[in-house]
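S.K.: Dropping the sequence and predicted coords here.
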Amino acid sequence: MYILGISAYYHDSAACLLQNGIVVAAVQEERFTRKKNDEQFPVNAIIYCLKQAGIKLTEVDQTVFYEKPFLKFERIIETHVAFTPRGLISFWKSMPVWIKEKIFQKKGIIKKLTEIDPDWKYSGENILFTEHHHSHAASAFYPSPYENALILTLDGVGEWNTTTVAQGAGNTIEFLQEINFPHSIGLLYSAFTYYLGFKVNCDEYKVMGLAPYGIPRYAETIFSKLIDVKEDGSFHLNMEYFGFASGLRMTNRKFNSLFGAPPRDNGSELTSFHMDMACSIQKVTEEVMLRMVNHLHSKYGHDNLCLAGGVALNCVVNGKLLRDSAFKNIWIQPAAGDAGGAMGAAFDVYYGYLKHERIIKNDGNDSMSNSLLGPSFGKEEIKAALIKNNLIFREMKNDQYYRFIAGEIANGKIIGWFNGRMEYGPRALGNRSILGDARNAGMQSVMNMKIKFRESFRPFAPAILEEYASEYFDIGKPSPYMLLVSSLKLKYRLTLDPEVKEISGLDKLNQIRSTVPAITHVDFSARIQTVNSNSNPPFYELLRTFYELTGCPMVINTSFNVMDEPIVCTPGDAIACFLNSGIDILAMEGFVVEKIQG
């Protein structure tokens with residue numbers, strides 16, 4: 001049985017194909033169109049999934065969309081009525097798109113699927129719709145390694161839900177609690193993202209990265225004016241300060257007056273005020289989530305927690321929950337945002353609707369295949385792309401290849417690493433990665449400014465051999481998907497001079513804080529990816545070789561792309577990124593290209 005899951009039309013569209021409950025392929029549309037967070041119907045992603053399975057669309061038993069358009073339309077209409085007359089402008093702007101394209105999405109989906117395969121026909125039963133948070137919950141629980149778990153999903157908004165609590169057992173999910181629009185921890189965080197001059201539904205992670213530079217001096221203001229949080233972690237926003245329900249902006253003049261400044265213009269200077277605001281909303285989010293999660297553990301008694309929804313991509317929060325909550329085990333869907341809704345929708349139909357038996361692996365691993373579910377390319381395809389671009393290259397055998405790349409990382413070179421199947425979700429996990437030496441104090445600045453072309457304050461993550469993770473970091477669990485932040489252990493930190501401790505803001509970037517400074521954030525934290533020999537043998541072998549050479553079991557691992565572009569997909573994408581950035585060496589499946597110096 002084949003089930004095709006689709007997410008589309010809002011942001012980060014994707015497709016996922018299941019075969020008898022096993023994920024064959026899953027990928028975001030942006031990787032093919034090269035448009036970041038592409039929201040269009042995932043034609044290319046669907047074609048790839050079918051190709052990976054070696055089937056035609058006519059062989060797919062069910063196609064399922066990740067949410068219900070009529071329910072979402074109902075919410076939009078009722079919200080505009082509730083906020084009349086303030087919502088009229090946004091109402092008139094949104095209605096033409098809804099009436100023309102979104103409200104009758106089944107017709108549009110049928111048309112697109114017929115264009116992909118003219119032999120495919122709508123039978124009246126082979127297109128289904130599930131609810132947005134059902135998709136998130138299914139993506140969180142069904143691929144997890146748990147037979148039983150509590151499921152928490154949080155995002156901006158689906159149809160009505162912004163937060164849901166459910167419990168999963170075997171092949172069933174039972175929904176227990178919900179919080180509905182406009183009360184949303186995701187939209188609260190996005191409001192601050194907007195206010196700080198970043199792009200909503202895209203740049204929330206920049207707020208998270210900026211937060212350690214500041215002081216949470218506005219946290220109490222947020223709690224007293226913007227959000228009312230109960231003892232059980234449930235919450236209610238004061239909509240007097242927000243514009244997202246009634247207008248085209250996230251915040252309003254009253255919000256600006258509360259904090260004494262207008263929203264920051266994108267690209268303008270980041271001041272201590274902005275850093276303190278980022279720190280404050282991050283602190284509030286952590287406190288709300290921890291209170292909610294601990295109450296849920298007390299109420300329902302589960303030891304396992306599964307997370308999905310865009311808020312679950314806040315890896316600082318996740319690390320705090322793992323460290324400080326009462327749950328023993330936490331599993332987070334690596335494609336936690338809307339892209340993961342495609343996978344969740346497919347699982348929701350396979351288990352929830354069709355009631356197939358769910359078989360849990362007995363090895364403690366999930367069923368995500370390390371999230372390496374996208375396209376791969378053979379040596380001949382890679383070689384042809386190199387020749388087409390008139391590049392001088394060498395081909396090396398495995399041992400020589402790993403030793404050469406590890407040695408060049410140790411020599412301060414920056415590597416574009418292209419191997420195997422592309423990652424599903426927002427994180428590069430060692431198949432479409434840019435790699436550097438975590439011990440190199442200047443590497444963070446060089447990679448931000450000359451490789452990624454992005455803000456200087458952004459930290460980099462380490463990929464570390466799993467067996468050494470707890471040696472370096474305060475983490476007791478594997479973190480294969482780079483979704484947990486933990487602190488560097490004291491013995492690897494450097495003692496800072498008293499006058500250095502007084503430095504504030506972005507000047508902290510110039511301080512060398514540890515023996516692995518390139519991955520140590522200003523609060524001594526790091527977003528960790530643990531790598532073992534089973535999940536990704538080639539990447540593990542590279543890290544192992546680097547460790548043998550240097551005694552350091554980790555490297556910088558950041559996504560193979562520049563700012564505002566999707567992660568590279570094809571050899572051609574990788575070559576273009578290599579040629580148009582400061583990457584020193586391109587390494588693709590045993591082929592090596594070095595830039596000519598000077």
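M.R.: Nice, I can see it.

S.K.: Show me where the stretch 451-598 of the chain dips below the pLDDT cut-off.
M.R.: 499-502, 597-598 (pLDDT under 70).

S.K.: same deal with the chain?
M.R.: Using pLDDT under 70, the chain drops low at 70, 73-104, 247, 499-502, 597-598.

S.K.: Pull the contacting residues for the nearest residue to Thr530 once chain neighbours are set aside.
M.R.: Spatial nearest neighbour of Thr530, chain neighbours left out: Glu466 (4.1 Å); criterion: Cβ to Cβ, 6 or more residues apart in numbering. Every residue, glycine included, has its C-beta placed from N, CA and C. Taking Cβ atoms under 8 Å, 6 or more residues apart in numbering as the contact definition, Glu466 lies against Pro478, Thr530, Val531, Asn532.

S.K.: any idea how far Cys315 is from the second one?
M.R.: In this structure, Thr530 lies at 13 Å from Cys315, with Cβ to Cβ, to the nearest Å as the measure.

S.K.: can you check the last one too?
M.R.: Using Cβ to Cβ, Asn532 is found at 19 Å from Cys315.

S.K.: same thing with the third one?
M.R.: Plainly put, Val531 is 17 Å away from Cys315 if you go by Cβ to Cβ.

S.K.: Have a look at those two and say which one is more surrounded.
M.R.: Of the pair Val531 and Cys315, Val531 is the one with more neighbours under other Cβ atoms under 10 Å, namely 30 against 23.

S.K.: Count the neighbours of the nearest residue to the more buried one once chain neighbours are set aside for me.
M.R.: Of all residues not flanking Val531 in the chain, Tyr540 sits nearest, at 5.1 Å (Cβ to Cβ, 6+ apart). Tyr540 is flanked by 18 other residues according to other Cβ under 10 Å.

S.K.: Backbone torsions only: list them for Tyr540.
M.R.: Main-chain torsions, Tyr540, degrees, to the nearest 10: phi -60, psi -40.

S.K.: ok, now the one 3 residues further on?
M.R.: Main-chain dihedrals, Leu543, degrees, to the nearest 10: phi -60, psi -40.

S.K.: got a list of what the residue nearest to it when sequence neighbours are not counted touches?
M.R.: Taking Cβ to Cβ, 6+ apart, and ignoring the residues beside it in sequence, Leu543 has Leu465 as its nearest neighbour in space, at 5.2 Å. If you count contacts by Cβ under 8 Å, 6+ apart, Leu465 has them with Thr530, Val531, Asn532, Tyr540, Leu543, Arg544, Tyr547, Pro553, Met554.

S.K.: Now render the residues you listed as a markdown table, adding secondary structure and distance to Leu429.
M.R.: Shown next, in a markdown table, are these (DSSP: H, G, I helix; E, B strand; the rest coil; distance: Cβ to Cβ, whole Å):
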| residue | secondary structure | distance to Leu429 |
| --- | --- | --- |
| Thr530 | strand | 10 |
| Val531 | strand | 8 |
| Asn532 | coil | 12 |
| Tyr540 | helix | 12 |
| Leu543 | helix | 12 |
| Arg544 | helix | 17 |
| Tyr547 | helix | 18 |
| Pro553 | coil | 17 |
| Met554 | strand | 14 |
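
S.K.: unless I'm mixing things up, Gly310 is touching Ala339, no?
M.R.: No. Gly310 is beyond contact range of Ala339, at 10.1 Å (criterion: Cβ atoms under 8 Å).

S.K.: neighbour-wise, which of the two wins?
M.R.: Neighbours were counted for Gly310 and for Ala339 using other Cβ under 10 Å; Ala339 has more, 30 against 22.

S.K.: Relative to Met588, how far out is Lys379?
M.R.: Lys379 is 9 Å from Met588, where distance means Cβ to Cβ.
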